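Student: what follows is a predicted protein model with its sequence.
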Amino acid sequence: MITFFVFVMMVLVDFINTASNKRMGDLLQGGQWRQYMLTSILGSTPGCLGAFMIVSLYVHGMISFGAIVGGMIATSGDEAFVMLVQFPGTALFLFALLFLLGIVFAWISDRLIKILGIAPCESCLSSQCEQCESQMNDQEDIGNYFQATHITGNLKSLSFTRFLFIVLITSFFALVVTGILGPAIWNWKRITFAALSFTVFYIALVVPEHYLHDHIWYHIIKKHILRVFLWTLGALLFVDLGLQA
C-alpha cells in the first residue's frame, strides 16, 4: 500500500507538471521559502498523503533537501486523526507548532548541507525532458495529448505496456473495492485508494505512448518504485524485529 501511494503521487506530480508545460516545477523552484511553506502545509495535513506528495516532489527535483526535511518534521501521519478526535484543540496547536518548526528546520537543513558539503538527491528528469522535447516538433503541445479524445486512439493501437498497466491498475482497483486488499469496510481509506486507482487508470488511458514508456515505465517504475518497495520492506522488517526484541 505504501509503495502504491508513492507510485500514484509520483505519477500525478509528473502528469500535472508535464500537462502544464512544466509550470508546476517552475512555480515551486521560484523560491525556497515558497517550498518550505508548501511542504510544511502538506506535512501538517492529517494522514500520509501529504508526506508521499513531498517525497514525489523531491524525487522530481522540484523542492530542496531542506524542504523535504521540513515537511517530514511537520507531519503527524495517521495519528493526526486520533489526536483530532481525542483532544482537537491541543492537536490543532501541535499542528501549527509543527508547521512553524518545519519551516525553520527546512531553512536550517539547507544551510547545513551547504556547510557540510552534502550532495542531496539530484533530479533524474533533466535528460528525460530533453529526450521528450527532441521527439516533439515545434507545432506539438504535449498538453494536447492529455485530452479524453485520445482514449479511443490509444485503445485502437493498444500496446503491450499499456495493456499490462491497465490490467494491473484494474486488478488493484477491484481488490480494493471488494475489500480483499486494504480496509474491509468502506471508509475514507478505501475511498482514497479507489479514487487514486481510478485516477491512474485514466492517466494510463489518455497519455501518449512515449509518455507511458519514458515517464511512467522507464522512469517512475523501473528507476524508483523497486527502490521504494525495498526500502519500505527493509524499514518495516527492522521495526518489526525491534518490537520483537
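Tutor: Now that the structure is in, tell me what you want to look at.

Student: now tell me which helix or strand of this structure has the poorest mean pLDDT.
Tutor: Between all helices and strands in the chain, the lowest mean by mean pLDDT, DSSP states H and E belongs to helix 126-134, at a mean of 47.

Student: tell me the mean pLDDT for the helix or strand that that one is followed by?
Tutor: As assigned by DSSP states H and E, the chain's next helix or strand after helix 126-134 is helix 150-156. Regarding helix 150-156, the rounded mean pLDDT is 81.

Student: what's in contact with helix 150-156?
Tutor: Applying C-beta atoms under 8 Å, 6 or more residues apart in numbering, the contact partners of helix 150-156 are Arg162, Leu205, Val206, Val207, Pro208, Glu209. Where C-beta positions appear, they are placed from N, C-alpha and C, glycine not excepted.

Student: give me the subset of these that lies in helices.
Tutor: Mapping the contacts of helix 150-156 onto helices (DSSP state H) picks out Arg162, Leu205, Val206, Glu209.

Student: what are the ranges of the strands in this structure?
Tutor: In chain order, the chain shows no strands, with DSSP state E as the criterion.

Student: now do the longest helix belonging to it: distance to the chain's middle.
Tutor: Ranked by residue count and defined by DSSP H, the top helix of the chain is helix 88-116. Distance, stretch centre to chain centre, for helix 88-116: 21 Å (C-alpha atoms, centre = their mean, to the nearest Å).

Student: excluding chain neighbours, what is closest to Leu196?
Tutor: Among residues not flanking Leu196 along the chain, Val8 sits closest, at 4.6 Å (C-beta to C-beta, 6 or more residues apart in numbering).

Student: swap in Leu101?
Tutor: Leaving out its chain neighbours, Leu101 is closest to Ile73 (C-beta to C-beta, 6+ apart), at 5.7 Å.

Student: from Ser40, how far off is the one you found?
Tutor: For Ile73, the distance to Ser40 equals 8 Å [C-beta to C-beta, to the nearest Å].

Student: joint contacts of the two?
Tutor: Here Ile73 and Ser40 share the contacting residues Leu98, Gly102, Ala106, scored by C-beta under 8 Å, 6+ apart.

Student: ok, the second one - contacts?
Tutor: When contacts are counted by C-beta under 8 Å, 6+ apart, Gly102 is found next to Tyr36, Thr39, Ser40, Gly43, Ser44, Gly70, Gly71, Ile73, Ala74.
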